[in-house]
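>>> Test case, fold it:
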Amino acid sequence: MAVVGTAACFVEIQAPVPEQEPPPEWIECYIVSDLDPKKCGSFAKALNALLPLRSASDRETPQSSAEGLDDCPPTWRRPRTDHLKRVRRRPATDQELTSRRETACRQDDSAKADGCDEVLCHGRISTNPNKSGKKRKSPDDGQVRSWSLDILLGSAPAVDYALSQTTQGDNEAFTLGSVLKKSDACFVKIILPGRPAKTKEELDDWNEHIWPTLYFNEQTRKFKEEELALSSEELITMAYGMREAVKDAVLGRKQCDSWSEGKTDSSVENPPISGAIVMDPTIGSIVARASNERYLQGLPQSCLNGAGCEDASKWETFPDSANPLCSPALMAIEGVSRIERAAALGCGMQSEEFRAGQYLCTGYDIYLTKEPNVYEAMALVHSRVRRVIFGVHDRGLGGLGGCNGVGIHSLPGTNHHYRAFRLSTESANDCDETAQLVKLIQNIHS
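Down below sits the predicted model:
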């Protein structure tokens, strides 16, 4: 996904989406039509225990709490129903209204046969009091009920399987078949949506003409794109961070060249140098630079305060060569650690100052001129960085998509994920700022 702004252009390194079978547009379900409203509450409660519409996973077998469904075969698959509501209220059909009037008249005839003075016919009550002196109440202001309730049992495969199961022991009577028999309910098969509505318009149409449906706005593509979109201020900050990373790389190269001039062993090759800075995005300030940490680690023991040792040619060792773990990305993280230790010094392990440093880069962004390799990318996971922005891919060892598409930042098994962005070389011609940064970074890593 390319994120283009007035300051620079960046491409987000997104996790590969595993191929999944899309849900069916429509699924077969069973419903009980025209359920007695007095029975609806207890009936729905029993169904929620036996056939929950919402479970931990759409592809797994029913929850273990669902009685009678614990031993379903592993190949059994339940269509998704978590987007459907259990109960639907709709206008009564002409046939249902006629049936209710006929039932009311039969009740009136039965009341007359029992000698009652009060007569209920077609839902209307006579003004004559009965023997008890009380008037019988009429539902819906003397009219037959003009609406009906339908209740969703579940998808056809789930209902068929539940009906085929039997239970033993104390719950022997608590099965779907027994619940249906007790409620005197007959069910019919209908076609319902097999997926959540994608738009509000589709939701309104389904709710009015098909079945009440839930709308998961957080799962829509539009919501995700809007949530991940970068503001113009963020893009300007990211361009500034990349420029600072370039400056750090230039300074690192100067440190390496200066150290090379003073070394006596010409067989030692100069290590590759890249730039790395850690930024606090809330205020746009630089927290740590790899070049600063390299300077502090390269100082000889005789001048730990740095006095008179600014010249790298006097360093005893060059950190990048002496320690394979002293890469620019890790040195930038170590720079944050150095600041955290200094802030917590003397406060004790139980202090807030110490606890604040448990995860070094929480909420911080790191800018690199080159993609971090696999172990650097994992170190950034453990450091809890918010974002990683880099200039060019490392096609040999890159851990953020540069090498065989490996993306450490979005591995499903890790306990932290961060967003990763790359400076867009493809859009360099459309953005002067990006073109300048791309040229500088390519010169550094050529």
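
>>> Tell me which stretches of the stretch 101-250 of the chain form strands.
For the stretch 101-250 of the chain, applying DSSP state E, counting those that start in this stretch gives strands covering 120-121, 124-125, 147-155, 187-193.

>>> Out of the ones you listed, which is the most enclosed?
Ranked by mean neighbour count, the strands of the stretch 101-250 of the chain are led by strand 147-155 with a mean of 21 (mean count of other Cβ atoms under 10 Å). C-beta: built from backbone N, CA, C; applies to glycine.

>>> low-scoring pLDDT stretches of the stretch 251-400 of the chain, where are they?
262-268, 299-314, 316, 348-349, 352-358 (pLDDT under 70).

>>> in it, which spans are helices?
290-298, 319-322, 328-344, 352-355, 374-383 (DSSP state H, counting those that start in this stretch).

>>> Next: the stretch 1-150 of the chain.
For the stretch 1-150 of the chain, the helices defined by DSSP H, counting those that start in this stretch occupy 37-50, 94-113.

>>> For the nearest residue to residue 195 once chain neighbours are set aside, the count of nearby residues, please.
Spatial nearest neighbour of residue 195, chain neighbours left out: residue 23 (4.4 Å); criterion: Cβ to Cβ, 6 or more residues apart in numbering. The tally of other residues near residue 23 (other Cβ atoms under 10 Å) stands at 15.

>>> looking at it, residue 23 is touching residue 194, isn't it?
Yes. Taking contacts as Cβ atoms under 8 Å, residue 23 lies within contact range of residue 194: 5.2 Å.

>>> can you tell which of the strands of the stretch 101-250 of the chain is closest to residue 402?
Smallest distance to residue 402 across the strands of the stretch 101-250 of the chain (Cβ to Cβ): 41.6 Å, for strand 187-193.

>>> quick one: residue 380 from residue 402, how far?
Separation of residue 380 from residue 402 (Cβ to Cβ, to the nearest Å) stands at 14 Å.

>>> More neighbours: those two, which one.
Shown here are residue 380 and residue 402; by other Cβ under 10 Å, residue 380 has more neighbours (27 against 24).

>>> mind listing what the more buried one touches?
With contact taken as Cβ atoms under 8 Å, 6 or more residues apart in numbering, residue 380 is in contact with 329, 333, 361, 366, 372, 388, 408-409, 418.

>>> Just the ones of those residues in strands?
The strands, defined by DSSP state E, take in 366, 388 from the contacts of residue 380.

>>> Just give me the neighbour total for residue 440.
19.

>>> my guess is it is in a helix, correct?
Yes. Residue 440 sits within a helix when classified using DSSP: H, G, I helix; E, B strand; the rest coil.

>>> so what's it scoring on pLDDT?
We note a pLDDT of 89 for residue 440 in this prediction.

>>> That one: what's it in contact with?
Each residue near residue 440 by Cβ under 8 Å, 6+ apart is listed here: residue 246.

>>> starting at the chain centroid, how far to stretch 88-107?
Centroid separation between stretch 88-107 and its chain, computed with Cα atoms, centre = their mean, to the nearest Å, is 47 Å.

>>> er, stretch 32-42 actually
Using Cα atoms, centre = their mean, the offset of stretch 32-42 from its chain centre is 36 Å.

>>> Contacts for that stretch, please.
By Cβ under 8 Å, 6+ apart, the list of residues contacting stretch 32-42 reads 43, 87, 92, 96, 145, 148-151, 153, 180, 183, 185-188.

>>> wait, which of the helices of the stretch 251-400 of the chain is closest to residue 30?
Smallest distance to residue 30 across those (Cβ to Cβ): 46.8 Å, for helix 374-383.

>>> which of the contacts of residue 380 count as buried?
For the contacts of residue 380, a burial check counting by 16 or more other Cβ atoms under 10 Å picks out 329, 333, 361, 366, 372, 388, 408-409, 418.

>>> for the stretch 51-200 of the chain, which spans come out with low pLDDT?
Using pLDDT under 70, the flagged stretches of the stretch 51-200 of the chain are 55-77, 109, 111-143, 166-173.

>>> I'd like the distance between the residue nearest to residue 32 when sequence neighbours are not counted and residue 394.
Nearest non-adjacent residue to residue 32, counting by Cβ to Cβ, 6+ apart: residue 185, 4.4 Å away. From residue 185 across to residue 394, the span is 64 Å (Cβ to Cβ).

>>> more neighbours, those two?
Between residue 185 and residue 394, residue 394 has the larger neighbour count (other Cβ under 10 Å), namely 21 against 18.

>>> so that one makes contact with residue 401?
No. Counting by Cβ under 8 Å, residue 394 does not reach residue 401; the two are 9.9 Å apart.

>>> Pull up the overlap in contacts between the two.
Counting by Cβ under 8 Å, 6+ apart, the residues touching both residue 394 and residue 401 are residue 371.

>>> Quick one: the buried ones among the contacts of residue 380 as TSV, columns for distance to residue 247 too.
Formatted as TSV, those follow (distance: Cβ to Cβ, whole Å):
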residue	distance to residue 247
329	16
333	19
361	20
366	15
372	19
388	18
408	26
409	25
418	23
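
>>> Break this protein down into its structural domains.
What automatic domain parsing lists as the domains of the chain is 26-90+145-194, 93-128, 226-444.

>>> who's in contact with residue 191?
26-29.

>>> Check the gap between it and residue 98 for me.
Taken as Cβ to Cβ, the span from residue 191 to residue 98 is 26 Å.

>>> now residue 201
Residue 201 is 35 Å from residue 98, by Cβ to Cβ.

>>> Of those two, give the one with the bigger neighbour count.
Using other Cβ under 10 Å as the criterion, residue 201 and residue 98 rank with residue 98 on top: 12 against 9.

>>> Tell me what the residue nearest to residue 51 when sequence neighbours are not counted is bridged to.
In space, and not counting its chain neighbours, residue 51 is closest to residue 154: 4.1 Å by Cβ to Cβ, 6+ apart. Beta bridges link residue 154 to residue 30, judged by DSSP bridges.

>>> Does residue 154 touch residue 81 like I think?
Yes. Taking Cβ under 8 Å as the definition, residue 154 is a contact partner of residue 81 at 6.2 Å.

>>> Give the residues shared as contacts by those two.
Residues touching both residue 154 and residue 81 (Cβ under 8 Å, 6+ apart): 29, 53.

>>> and the gap between the nearest residue to residue 186 once chain neighbours are set aside and residue 363?
In this structure, residue 186 finds its nearest non-sequential neighbour in residue 32, 7.0 Å apart by Cβ to Cβ, 6+ apart. According to Cβ to Cβ, residue 32 stands 53 Å off from residue 363.

>>> Next: residue 222.
Noted for residue 222: a distance of 27 Å to residue 363, by Cβ to Cβ.

>>> same thing with residue 446?
34 Å.

>>> Next: residue 242.
Counting by Cβ to Cβ, the gap from residue 242 to residue 363 is 19 Å.

>>> Of these two, which one has the most company?
Taking other Cβ under 10 Å, residue 242 and residue 363 do not tie; residue 242 has more neighbours (29 against 12).

>>> which residues touch the more buried one?
Residues near residue 242 by Cβ under 8 Å, 6+ apart: 8, 367, 369, 389, 391, 423, 437.
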